[in-house]
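Kindly generate the corresponding structure for this input.
(chains A and B)
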Number of protein chains: 2
Amino acid sequence: MRKIKEHIHGYTYGTAEVPMSPVTLAELKSLKETVGFTRESEHYLQLAGHVLEGQTRQIVRRWRSEIIASIPNLARHSRSLEGNPLPDYLASSSLRFEQWILDTCFRPYDQNWLNYQHEIALRHTAVKKNQTDKVQSTPYVPLRDVVGFIAVMNETIKPFLAAKANSQEEVERMHQAWCKSMQLQMGLWAKPYTGLNEW
Amino acid sequence: MRKIKEHIHGYTYGTAEVPMSPVTLAELKSLKETVGFTRESEHYLQLAGHVLEGQTRQIVRRWRSEIIASIPNLARHSRSLEGNPLPDYLASSSLRFEQWILDTCFRPYDQNWLNYQHEIALRHTAVKKNQTDKVQSTPYVPLRDVVGFIAVMNETIKPFLAAKANSQEEVERMHQAWCKSMQLQMGLWAKPYTGLNEW
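Here you go, the predicted model:
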């Protein structure tokens, strides 16, 4: 499996440290139907992975250093409670962010993926935020901001998808597959925020 | 304000029947920053409204009769608990769905809009689903399916945005503004599903 770096602090994908997701594979299958995620989506996500590989650092820099850093209400989640930078936290979580791009494109959406989806979601909630990096920052990232920022990520990923020699049609299909995966992941990430009720 | 029809059953936008949203205008402003929703987005949504006006019936037909109807797990939410069609419910809610497209494009995102956003969200939860049309259907639409189906709506709205004489650049910008509004609305709709905690 493609890795950004051999060792990424706190990246526990596929290990025994990641608990079983409360979401079942049957629920995942049903959610894939809702977002229209098909074999074609998988194909174009793989293609997107090959295009984005090598650009992940720039992409995460664009999202974090250029956009999030300029929005105080978002920037605070990777800062100390006093608003000071936490360079180690930022560095480690940025590597995990980069790796998440590759995982989104290359990983099979199976039980391990489902488990890690839940782990990532929990790391945005008060259950697990800050623990991986042993920092004192905001207790959680509000669900509305997680869901909302997807609009920015979807828009800004497009030039990176168009940066290689792919046709406009291919770029469009890669982008559609990416957007579907984002909405699928948002559906899954909503789980720990909503509990069992009406998730 | 543009209306699909003079009288739409259950459409209470701007009336005293719509309770105050628990979301504040300051929270809305902050969420707009998260999704990157700007004056340019407003401009292109207005343009999108002019393009989509007159096509809302076909759009809702595409979403409901072609796509949702073919996915049992989604179709059940507008059927009886035994799975039978509820023609009046379908007809009224489809008109409200059409009107929602116009409201998304033309309405100012002010207190009235915020209040109705919350009303629409509640009508997907056990608090208010089925009441407007006095039907017996599923008690609620799971948040994951609401969030997930946005991917399909975003993809399938594009040909309708491209159906008039607009340049490709304009279509792209109208689509970006539409997608931002969707993510903004998903952030707001998540509110009653999550309660006060970590919304």
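
Show the contacting residues for residue A:156.
Applying C-beta atoms under 8 Å, 6 or more residues apart in numbering or on different chains to residue A:156 gives the contacts A:59, A:62, A:63, A:67. In this view, the C-beta of every residue, glycine as well, is placed from N, C-alpha and C.

Name the residues of the helix ranked longest in chain A that are buried.
Criterion DSSP state H: the longest helix present in chain A is helix A:168-194. The neighbour-count check on helix A:168-194 (16 or more other C-beta atoms under 10 Å in any protein chain shown) flags A:170-194 as buried.

related to what we said a few turns ago, and chain B, which of the contacts of residue A:156 contact it?
Among these, proximity to chain B is found for residue A:67 (C-beta under 8 Å from any C-beta of the partner chain).

For the contacts of residue A:156, pick the one with the most neighbours.
Within the contacts of residue A:156, residue A:63 tops the neighbour count with 20 neighbours, counted by other C-beta atoms under 10 Å in any protein chain shown.

close to chain B, is the longest helix of chain A?
Yes - under the criterion of C-beta under 8 Å from any C-beta, chain B is reached by helix A:168-194 at A:176, A:179-180, A:182-184, A:186-188, A:190-191, A:193-194.

Any chance of CSV for those, columns pLDDT?
What follows is these, written out as CSV (pLDDT from 0 to 100):
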residue, pLDDT
A:176, 98
A:179, 98
A:180, 98
A:182, 98
A:183, 98
A:184, 98
A:186, 98
A:187, 98
A:188, 98
A:190, 96
A:191, 95
A:193, 94
A:194, 92
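
With respect to residue B:94, which of those residues is nearest?
Sorting the residues of helix A:168-194 next to chain B by distance to residue B:94 puts residue A:183 at the head of the list, at 22.7 Å, by C-beta to C-beta.

Contact partners for the residue nearest to residue A:109 when sequence neighbours are not counted?
Excluding the flanking residues, the one nearest residue A:109 by C-beta to C-beta, 6 or more residues apart in numbering or on different chains is residue A:28, at 6.8 Å. Taking C-beta under 8 Å, 6+ apart as the contact definition, residue A:28 lies against A:109, A:114, A:188.

helix/strand/coil for the residue nearest the centre of chain A?
Chain A has residue A:100 as the residue nearest its centroid, 5.2 Å off, counting by C-alpha atoms, centre = their mean. The assignment at residue A:100 comes out as helix when based on DSSP: H, G, I helix; E, B strand; the rest coil.

Do I have it right that it meets residue A:123?
No - the criterion here is C-beta atoms under 8 Å, and residue A:100 misses it with residue A:123 at 11.0 Å.

List of residues touching stretch A:130-143?
For stretch A:130-143, contacts defined as C-beta under 8 Å, 6+ apart pick out A:9-10, A:76-81, A:86, A:88-89, A:92-93, A:123-126, A:129, A:189-190, A:193, B:187, B:190, B:194, B:198-199.

Show me these that map onto helices.
Using DSSP H, the contacts of stretch A:130-143 in helices are A:88, A:89, A:92, A:93, A:189, A:190, A:193, B:187, B:190, B:194.

Low-confidence regions, chain A specifically.
Along chain A, the model assigns pLDDT under 70 to residues A:196.

what about the strands in chain A?
Using DSSP state E, chain A contains no strands.

And for the residue nearest to residue A:185 when sequence neighbours are not counted, the neighbour number?
Nearest residue to residue A:185 in three dimensions, chain neighbours excluded: residue A:117, at 6.3 Å (C-beta to C-beta, 6+ apart). When neighbours are defined as other C-beta under 10 Å, residue A:117 has 22 of them.

Spit out the contact partners of residue A:25.
A:110, A:111, A:114.

which of these tops the neighbour count?
When neighbours are counted by other C-beta under 10 Å, residue A:114 leads these with 20 neighbours.

Please tell me I have it right and that one contacts residue A:185.
No - the pair residue A:114 / residue A:185 is not scored as a contact, 10.7 Å apart, by C-beta under 8 Å.

Report the contact partners of the closest residue in space to residue A:179 that isn't next to it in sequence.
Computed as C-beta to C-beta, 6+ apart, the closest residue to residue A:179 that is not its neighbour in sequence is residue A:154, at 5.2 Å. Residues near residue A:154 by C-beta under 8 Å, 6+ apart: A:175, A:178, A:179, A:182, B:179.

For the residues you listed, name the two members farthest from one another.
Within the contacts of residue A:154, A:178 and B:179 form the most distant pair, 12.2 Å apart (C-beta to C-beta).

still on that earlier bit, direction-wise, compare the longest helix of chain A with helix B:168-194 and give the angle.
Using axes from the mean of the first three to the mean of the last three C-alpha atoms, to 10 degrees, the direction of helix A:168-194 lies 10 degrees away from that of helix B:168-194.

Packing partners of helix A:168-194?
helix A:25-35, helix A:39-52, helix A:87-106, helix A:111-122, helix A:143-161, helix B:143-161, helix B:168-194 (3 or more C-beta pairs under 8 Å, 6 or more residues apart in numbering or on different chains; DSSP states H and E).

List the buried residues in the first one.
Taking 16+ other C-beta under 10 Å as the neighbour-count basis, helix A:25-35 is seen to contain the buried residues A:27, A:28, A:30, A:31, A:32, A:33, A:34, A:35.

could you turn that helix into CSV, dropping everything but the C-alphas?
What follows is helix A:25-35 as a C-alpha-only set of coordinates in CSV (Å, rounded to 0.1, in the frame of the first residue of the first chain):
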residue,chain,number,x,y,z
LEU,A,25,-20.5,-3.5,5.9
ALA,A,26,-24.2,-3.8,5.0
GLU,A,27,-24.7,-0.2,6.1
LEU,A,28,-21.7,0.8,4.1
LYS,A,29,-23.1,-0.9,1.0
SER,A,30,-26.4,0.9,1.5
LEU,A,31,-24.6,4.2,1.9
LYS,A,32,-22.6,3.6,-1.3
GLU,A,33,-26.0,3.2,-3.1
THR,A,34,-27.2,6.5,-1.6
VAL,A,35,-24.1,8.4,-2.9
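
so it versus helix B:143-161, what angle?
Interaxial angle, helix A:25-35 versus helix B:143-161 (the same axes, to 10 degrees): 20 degrees.

how far out from the middle of the chain is helix A:25-35?
A distance of 18 Å separates the centroid of the chain from that of helix A:25-35, by C-alpha atoms, centre = their mean, to the nearest Å.
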